[in-house]
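J.: this one's sequence-less:
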């Protein structure tokens, strides 16, 4: 056998060698069903946002686990706000799937991710971590209307991807210098899309809102609940506890 032929055969055997299946892929194919009868009720939240966790808790949904991921959220050249939110939510969901694919407890879970983008026209506002960036955001928002777009991405236990995009229009009143200075001092703006949190002090800046309020907070509940229910995740069990019904 010539050296060339041997090299070709060796390369072919390496290339054709089957990859090791993950626990999740085995379960998707039905090769290794979960022994847990509640396996299809598992939900992993691909976010470390306390606001999203609290919103889910508001309707009695408690994630089985929280698996936040860190990704590059820089917009691509000429990328529109809606496309950016879609790409980031999907990237977060897939990254979390990669984390749990061989986890005995979570490999067959639903994964829910979301990303919220604040924009004026085609311009995406940052999630400021410095005072200068927060000031720039507030100056742009003052007296103007802006859009808040959230994309939610759900990956089902059989690895189907379902997404929804929700947009809310928000109108700010004109902010005085005192408004801006005082709000900066609260540090509510830190890491928030557009440099504000509507559920906090900045709620008094809003003159008009068209669309979903919870979308602006970070997770549109109507669409999220419908998406989870439509894909087979039971969402009603926790409603009575969430409502704190007194008998």
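T.: Okay, I see it. Because the structure is a prediction, the values reported are computed rather than measured.
J.: Check the secondary structure at the residue nearest the centre of the chain for me.
T.: Most central in the chain under C-alpha atoms, centre = their mean is residue 114, positioned 1.5 Å from the mean C-alpha point. Using DSSP: H, G, I helix; E, B strand; the rest coil, the secondary structure recorded for residue 114 is strand.
J.: Please verify my assumption that it contacts residue 89.
T.: Yes. Residue 114 sits in contact with residue 89 when judged by C-beta atoms under 8 Å, with a separation of 5.6 Å. Yep, even glycine has a C-beta here, placed from its N, CA and C like the rest.
J.: Common neighbours of the two, please.
T.: 151, 152, 153 (C-beta atoms under 8 Å, 6 or more residues apart in numbering).
J.: and those, which are buried?
T.: Buried members of the shared contacts of residue 114 and residue 89, scored by 16 or more other C-beta atoms under 10 Å, are 151, 152, 153.
J.: Just the closest of those to residue 76, please.
T.: Minimum separation from residue 76 among these (C-beta to C-beta) is found for residue 151, which lies at 15.2 Å.
J.: how would you label the closest one: helix, strand or coil?
T.: At residue 151 the chain is in strand, as set by three-state DSSP.
J.: Please give the element, helix or strand, for residue 139.
T.: helix 131-141 (DSSP states H and E).
J.: What are the buried residues along that helix?
T.: By 16+ other C-beta under 10 Å, the buried positions in helix 131-141 come out as 134, 135, 137, 138, 140, 141.
J.: do stretch 231-241 as well
T.: Here stretch 231-241 shows 233, 235 as buried, counting by 16+ other C-beta under 10 Å.
J.: so how far is it from its chain's centroid?
T.: 20 Å (C-alpha atoms, centre = their mean, to the nearest Å).
J.: For it, give me every contacting residue.
T.: By C-beta under 8 Å, 6+ apart, the list of residues contacting stretch 231-241 reads 40-41, 43, 59-62, 110, 154, 156, 160, 162, 225, 228-229.
J.: Report the mean confidence score over it.
T.: Averaging pLDDT along stretch 231-241 yields 82.
J.: And stretch 215-223, by the same measure?
T.: 96.
J.: one step back: tell me the confidence at the nearest residue to the residue nearest to the centre of the chain once chain neighbours are set aside?
T.: Nearest residue to residue 114 in three dimensions, chain neighbours excluded: residue 152, at 4.7 Å (C-beta to C-beta, 6 or more residues apart in numbering). As predicted, residue 152 sits at a pLDDT of 97.
J.: need the contact list for residue 152.
T.: When contacts are counted by C-beta under 8 Å, 6+ apart, residue 152 touches 89, 112, 113, 114, 163, 164, 166, 219, 220, 223, 224, 227.
J.: pretty sure the second one is in contact with residue 43, am I right?
T.: Yes. Applying C-beta under 8 Å, one finds residue 112 in contact with residue 43, separated by 6.2 Å.
J.: Find the residues that touch each one of these two.
T.: 63, 228.
J.: What residues does residue 199 make contact with?
T.: 51, 217.
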